[in-house]
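**Q** sequence and predicted structure are below.
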Amino acid sequence: MPDVEEMSRRFIREHPDLVPVLRAMVDVAQENEAQPTSRLGEFCRSWLATREPRTPRTLHAFVDVGLIQKSPRGTGSGRMFYVLTDRVASERVLASSSN
């Protein structure tokens, strides 16, 4: 299994402008995990954009480094859904980088 904490640290160093988007991903995923209808922690780009207006038009930068992946359930309503590879690891790195 890839070291998501290390990938997250590297991503934050290389893309500091995308840290707010990663935070939004963690928040939305955590909220979605608590929903009895899903529990997958899924999100789509438009949900992130409502939280973080600087969300890029595509999430390829996050997919390419392995921080997120396409949801096992695929698409819905014409949207591509994603899940964090390891939400807890990303959350830990974000918490430690804000100190």
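**A** In hand now; what should we look at? Residues are numbered from 1 along each chain as shown.
**Q** and the residue nearest the centre of this protein?
**A** The chain has M25 as the residue nearest its centroid, 3.6 Å off, counting by Cα atoms, centre = their mean.
**Q** what part of the chain, helix or strand, is modelled with the least confidence?
**A** strand 68-76 (a mean of 80; mean pLDDT, DSSP states H and E).
**Q** next SSE after that one?
**A** Using DSSP states H and E, the helix or strand that directly follows strand 68-76 along the chain is strand 79-84.
**Q** got the buried residues for that next one?
**A** Within strand 79-84, the residues that qualify as buried are F81, Y82, V83, L84, counting by 16 or more other Cβ atoms under 10 Å. Every C-beta, even on glycine, is put in place using the N, C-alpha and C of the backbone.
**Q** pull out the buried residues from the biggest helix by length in the chain.
**A** In the chain, with assignment by DSSP state H, the single longest helix is helix 19-33. By neighbour count on 16+ other Cβ under 10 Å, the buried set for helix 19-33 is V19, V21, L22, R23, A24, M25, V26, D27, V28, A29, N32.
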